[in-house]
Every structure is written in structure tokens, then in C-alpha cells.
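**Q** Below is the structure, and that's it, no one-letter string:
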């Protein structure tokens with residue numbers, strides 16, 4: 001690639017090499033992130049990550065473009081070796097420490113997830129794992145992972161892998177045409193990628209903000225913005241220095257404004273990310289000639305900027321550990337202390353690992369040695385995760401826990417503190433996986449889907465058909481219903497969707513912060529299918545329904561309950577008028593605490609610490625709405641509250657079986673022990689008929 005410009009003594013020289021203002025900008029970025037995670041009043045401090053993206057795109061592209069300009073090619077081995085020395089040793093040390101921290105202090109319920117996250121982090125794809133988890137209904141109540149912050153590093157590492165390969169491809173393509181790749185060609189390529197990524201970021205952030213936050217495709221434009229600036233520095237240098245400095249101050253103001261004006265409720269990245277990204281570009285442009293925004297070059301900021309990578313790596317595990325060790329939401333003082341204490345391992349990591357290996361003359365002299373170092377660092381995380389997985393305790397094969405049977409035979413006398421938690425069904429570490437079979441068969445529609453994801457259980461050829469319809473609180477009854485269907489020779493069809501009851505009402509969903517139109521569309525499709533091929537009986541259940549007002553806001557209080565009840569009635573009557581019997585399994589109470597984690601944290605006192613009064617969580621249950629709708633629509637309702645919350649309280653364990661798998665769902669293991677109650681009620685309501 002030809003040199004950028006012809007030297008001109010009348011213009012200030014473009015600043016080459018180390019820039020103090022960039023180091024200061026790194027310090028500002030990491031300070032924003034740390035303040036945000038420490039609970040300080042910086043609601044948009046997460047934009048520090050976006051600052052890092054732009055800086056990375058700028059610096060890496062500058063190195064790549066400079067090498068191509070000087071040599072006409074890019075030596076990938078040397079490039080990747082530099083990245084490996086710079087990033088991987090400190091990351092591997094952090095991951096190993098996280099595994100040790102998990103085994104020592106985090107409840108066993110988190111071990112399996114943490115191990116999976118560590119493996120994904122070691123392979124630089126944890127952002128995609130987190131994106132999948134963000135739309136996974138079963139993972140919505142999961143505690144934050146101690147390596148969750150690695151998502152942004154995964155995005156950068158994917159950029160470091162892909163971007164040089166694209167440059168090499170452009171160089172090779174130019175050579176085939178007998179030319180040298182030009183800066184103009186690189187600019188056009190980066191601009192096209194950036195524009196496509198920005199458009200996708202805006203679209204996906206609007207449709208699915210949780211997923212959009214993590215995926216690489218919605219963040220590539222931020223790295224591309226820094227890359228474009230690096231490629232256009234020769235043009236930026238022609239702008240009067242005073243104008244650039246004023247622009248740099250404006251850019252710093254934009255970053256500050258974003259940090260205090262945005263918040264966790266802001267759909268992000270999307271268009272909102274233009275604030276920190278545009279601000280960072282202006283700050284970097286100000287230092288293309290001269291000193292840039294002078295305060296960023298202050299001596300006090302330089303060590304913070306130098307250690308920003310290690311500070312970023314170590315602060316979040318400390319926050320997660322502090323959160324786990326205190327009861328309830330941790331106070332800001334606890335989070336601040338955790339972040340402050342994380343400075344110690346961060347500085348030690350920088351001084352003893354990051355800097356020595358990055359600057360090692362032996363490693364710099366051999367790309368092969370650096371490659372071996374990179375592979376070794378990758379294996380450290382994977383092997384540590386494997387050891388953690390092997391340590392996860394399970395339930396012995398010989399356990400036959402009675403569960404709800406102890407309520408039926410009268411041997412229940414309350415939570416038994418002497419219960420052997422090593423023989424618990426399911427094992428605490430497996431509780432979140434103890435779900436209905438329909439999840440394994442991909443039969444449960446997610447929040448964004450609108451098509452019925454139907455599955456069949458029992459006798460598929462039977463002329464007697466029972467349909468299970470509703471949200472996840474309906475889906476939890478699939479295991480005993482499937483067993484009853486097999487026993488009675490029925491066909492059981494399931495139609496379930498996350499947070500979506502069988503209702504005609506326009507519901508409201510907090511995760512989309514507005515009307516849940518996907519639920520309405522799904523309901524219309526399911527009802528149409530049921531009417532086209534009527535089952536004998538529809539069994540339904542649902543969590544408490546939140547409805548949307550005409551203006552799209554959430555309708556609360558008595559007015560909201562009234563609309564919710566009317567919505568249930570309307571749909572049930574539509575089905576009953578078509579000759580379909582509708583029956584309702586009353587919703588189970590919300591316990592409001594993560595029960596498996598509570599038991600894991602209070603192994604010696606779980607009977608007291610993890611038992612919740614039934615009347616407290618009932619306010620979060622859908623049972624009251626169901627009772628009102630069932631009475632008005634003359635629909636049978638089975639109330640099993642006493643079977644999950646006997647004697648007015650909701651225990652964590654009954655008859656050696658863990659009752660709850662999270663804050664509101666009953667474990668599949670415990671639901672199976674309620675099969676007799678369900679059978680005695682349902683069988684008389686299901687008439688056999690020939691088709």
C-alpha cells in the first residue's frame with residue numbers, strides 16, 4: 001500500500017507511537033465501567049466498553065495499515081503473536097482464579113454454568129453464549145457470571161482474528177490484479193462493514209435489545225469507527241489543530257453525557273451508542289497532531305490507563321463474589337469495597353504477568369514461542385473448567401425420594417433440617433436443568449417467536465386428545481400429564497410460550513418494556529389451530545398476567561387484574577363454544593427467592609432460611625386471576641397450592657425432593673410426585689371419543 005501522504009513541512013506532523021492522551025482515555029473508560037459496576041451514580045458507565053472498542057479499532061488498524069504501507073504485506077504470525085502476549089496470559093490467570101473462587105465461595109448451583117462460561121471465554125466466544133442465554137427463558141433468573149465481562153474482550157479478540165485476515169485478502173486480491181492495495185480500498189471496505197453493522201445494531205436493538213447488547217455483529221461498527229479514523233489520519237491532520245482540540249473537548253463531553261444520561265433501561269447499543277462512539281472518535285482525532293485533549297495526558301491517569309486491562313479483568317469477579325457473600329442486594333459500600341480490593345490482584349497481574357510477557361525479548365524474537373504461550377493460556381482456562389465440572393456433585397443412583405407422597409400419607413411434619421442434601425432429588429447443581437421434557441424437544445416457544453411450537457407426548461395415534469396450553473407455568477405440568485396420557489392411552493399436544501398465557505388480552509412484558517405483541521400473535525395462531533382440529537380437552541395454566549393499556553404502558557392494580565380476567569374468559573369461552581372442554585391447573589405460588597441457591601448457601605439452616613410464607617408469594621401468582629375467570633366462565637380449576645406449600649408455608653424440600661428450581665417454577669422431579677392428584681382430577685374430565 002502506498003504511503004499515506006507526502007511529507008509537508010507546512011503541516012504539523014502526525015503523532016506516531018505512544019500517545020499519552022490515548023492512555024488517559026483508557027483510564028477514563030475503565031473508571032466509568034468500574035464506577036458503574038460499583039453502583040455509583042454513573043448509570044451509563046457501561047459506555048466505557050464502547051470507548052475501548054473504538055480505541056482498539058483505531059490502534060490495531062493503525063499498526064496494520066502502517067505495516068502494509070511499509071512492506072506491502074502483513075505478517076499474520078507476528079501480529080497474532082503480539083496480541084497473544086498482550087492479552088492471553090492475564091486473561092488465563094483471571095480465569096484460573098475465577099474457577100478457584102467459584103469452588104471456594106460460590107454455591108454449587110453455579111458451578112456448571114461458570115465452567116461453561118470459562119470454556120467459552122477461553123475460546124473467545126462467550127459473548128455469543130451470553131447472547132443465547134439472554135433469550136433463554138430458563139436462564140432469565142440466573143445469577144451473573146463471574147466472567148460475564150469477558151464478552152467485550154471476546155468481541156475484540158474476534159476483531160483481532162478477522163480484521164487482519166480481511167486485510168491480507170485485500171492485499172492478495174490487489175496483487176492478482178497486478179496492483180498494490182490502496183488506503184482508499186481499505187477505507188471503502190471498513191466503511192461498508194461499519195455501515196452494515198450500524199444498521200443491524202439499530203434494527204436488532206429495537207427488536208431484541210438483550211441479544212443485541214452482546215453479539216459481535218452489532219458492535220463491529222464501533223471498532224470500524226476507530227479503524228476508519230486510523231485510515232484517515234492523513235486527512236484529519238489537515239484540519240487546523242485548534243479545531244481538532246475543540247472537537248476533542250466536545251467528544252469528551254459526549255462520553256461524559258452518555259455516562260450520566262444513559263442507563264440500563266436505554267435500548268443499547270443501537271443509535272444510543274453513537275454518543276460514546278462519536279465522542280471517542282473526536283477525542284482520538286484531537287491527538288492526531290499535537291497533544292490532543294491535554295488533561296488526558298495528565299501523569300495521574302497514565303498508570304491507570306496502563307493497568308486498565310487488568311483492572312477490567314479483575315474487578316467484575318470481585319463484584320460477583322461480594323454479591324454472593326451478602327444477603328439480598330449488596331449495598332453500594334460493599335460493591336465499592338469489592339472494586340477497590342480488586343485493584344490489588346489487578347496491579348499484581350499487570351506487574352508480574354501482563355507487562356513482563358508482553359515485553360519479553362525472548363517471546364518477541366519468536367512468533368512460535370508466542371503461539372505456544374497463547375495455546376497454553378487457552379488450555380489453562382479449559383482445563384480449569386474441566387476440573388470444576390468434575391467436582392460438581394450429583395445425586396446417587398439408588399435414591400428414591402417420595403416427594404409429595406409424604407403429604408398424602410400423613411408423614412409430613414414440616415421441613416426436616418436433617419435431610420441429607422447429598423441425596424437430594426434433583427442434586428442442587430442440577431436443579432436448573434430439572435425441567436419438563438418439552439424444553440428438550442424444542443417445543444417451548446421463546447419470547448420473540450410467534451409460531452406454535454407444538455410437540456406430542458403419550459399415544460400419538462390416540463383418538464382422545466388433550467392439549468396443554470400456556471406459559472412456562474403451564475409447561476411445568478407436562479411431565480405428569482405425559483405420564484397420565486401414556487397410562488390412559490391419550491395423545492398430549494403441548495403449546496407453550498415464555499411469559500405468554502392463553503388469553504385474548506394484550507399483555508405487557510418487562511423484558512421488552514412494552515406491549516407483548518408476540519404473545520397476541522402466538523395466541524391467535526394457537527387458537528386457530530385448536531379450532532381447526534379440536535382436542536377433547538385444553539389444560540391451561542399461567543403465571544400472573546400483566547396487561548398493557550391502550551397507550552402501551554403497563555396497566556396495574558385492580559384495573560389490570562380486571563382486564564386480565566376478561567382476557568382469560570374470552571379465550572376460554574371461544575374454545576368452550578366450539579365444544580372443547582377447558583380445565584385450569586391453578587398457578588403455583590411465587591417463592592421470590594432462588595431456592596436451589598438458597599439451600600446451597602444455607603446447607604445447615606435451609607429449613608428456616610429457605611422457607612417462604614405462602615400468603616406472601618401468592619400475590620405474584622396467577623391463581624387469583626384464574627379463580628375469578630374460572631368462576632365467571634364456569635371452568636373447572638384444580639388448586640394444588642397445599643401440595644407445594646403445605647400448612648401455609650412454601651418449603652424448599654419435601655420428601656427428599658427439591659420443590660423449586662428457581663424463584664417460581666416447580667422442579668420436574670417434584671411435579672411428577674403430584675401425578676396422583678392431577679390424575680384423580682383430570683381423568684373424569686376427559687371423555688373418550690372416536691374420530
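**A** Noted; the coordinates are in hand. Note that this is a predicted model, so its numbers are computed, not measured.

**Q** Do you know the pLDDT at residue 67?
**A** For residue 67, the pLDDT comes out at 79.

**Q** Quick check: closest non-adjacent residue to residue 653.
**A** residue 419 (5.7 Å; C-beta to C-beta, 6 or more residues apart in numbering). Glycine gets a C-beta too; all of them are placed from N, C-alpha and C.

**Q** Please report how far the residue nearest the centre of the chain lies from residue 127.
**A** The residue lying closest to the centre of the chain (C-alpha atoms, centre = their mean) is residue 134, at 3.6 Å. Per C-beta to C-beta, to the nearest Å, residue 134 is found 10 Å from residue 127.

**Q** elements contacting the helix ranked longest in the chain?
**A** Assignment by DSSP state H gives helix 76-105 as the longest helix of the chain. For helix 76-105, the packing partners by 3 or more C-beta pairs under 8 Å, 6 or more residues apart in numbering; DSSP states H and E come out as helix 48-71, helix 111-122, helix 150-176, helix 308-325, helix 332-349, helix 355-359, helix 361-364, helix 367-390.

**Q** Residue 400 is nearest to which of these?
**A** Checking the helices and strands packed on helix 76-105 against residue 400 by C-beta to C-beta gives helix 111-122 as the closest, at 24.3 Å.

**Q** partners of the helix or strand containing residue 539, with directions?
**A** Taking DSSP states H and E as the definition, residue 539 sits inside strand 537-541. Strand pairing for strand 537-541, using DSSP bridges, gives strand 465-470 (parallel), strand 581-585 (parallel).

**Q** returning to that earlier point: including distance to residue 216 and mean neighbour count, could the helices and strands packed on helix 76-105 go into a markdown table?
**A** Shown next, in a markdown table, are the helices and strands packed on helix 76-105 (distance: least, C-beta to C-beta, whole Å; neighbours: other C-beta atoms under 10 Å):
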| stretch | distance to residue 216 | mean neighbour count |
| --- | --- | --- |
| helix 48-71 | 11 | 21 |
| helix 111-122 | 13 | 23 |
| helix 150-176 | 5 | 19 |
| helix 308-325 | 18 | 23 |
| helix 332-349 | 26 | 18 |
| helix 355-359 | 25 | 16 |
| helix 361-364 | 28 | 13 |
| helix 367-390 | 19 | 17 |
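
**Q** what would those helices look like in TSV with distance to residue 469?
**A** TSV is the format used below for the helices and strands packed on helix 76-105 (distance: least, C-beta to C-beta, whole Å):
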stretch	distance to residue 469
helix 48-71	42
helix 111-122	31
helix 150-176	36
helix 308-325	38
helix 332-349	43
helix 355-359	58
helix 361-364	61
helix 367-390	37
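
**Q** Of those, which is nearest residue 604?
**A** Of all these, helix 308-325 comes closest under C-beta to C-beta, at 16.3 Å.

**Q** And the helices and strands packed on helix 76-105: which comes nearest residue 671?
**A** Closest among the helices and strands packed on helix 76-105, using C-beta to C-beta: helix 111-122, at 21.9 Å.

**Q** Give me the angle between the closest one and helix 367-390.
**A** With axes from the mean of the first three to the mean of the last three C-alpha atoms, to 10 degrees applied, the angle from helix 111-122 to helix 367-390 works out at 170 degrees.

**Q** Helix 111-122 - contacts with which helices or strands?
**A** helix 76-105, helix 126-134, helix 150-176, helix 367-390.

**Q** Which one of the ones you listed lies nearest to residue 329?
**A** The nearest among the helices and strands packed on helix 111-122, by C-beta to C-beta, is helix 76-105 at 18.2 Å.

**Q** Which positions in that closest one come out as buried?
**A** Buried residues in helix 76-105, counted by 16 or more other C-beta atoms under 10 Å: 79-99, 101-103.

**Q** Stretch 224-232 now?
**A** Quick answer for stretch 224-232 (16+ other C-beta under 10 Å): 224, 225, 226, 227, 228, 229, 230, 231, 232.

**Q** Contacts for it, please.
**A** 53-62, 65, 163, 183, 186-187, 190-191, 193-194, 197, 236, 277-278, 280-281, 284-285 (C-beta atoms under 8 Å, 6 or more residues apart in numbering).

**Q** what stretches of the stretch 201-350 of the chain score poorly on pLDDT?
**A** For the stretch 201-350 of the chain, applying pLDDT under 70 flags no range at all.

**Q** Where does the residue nearest to residue 653 fall, secondary structure wise?
**A** Per DSSP H and E, there is no helix or strand for residue 419.

**Q** What distance do you get for residue 242 to residue 641?
**A** Going from residue 242 to residue 641 by C-beta to C-beta gives 73 Å.
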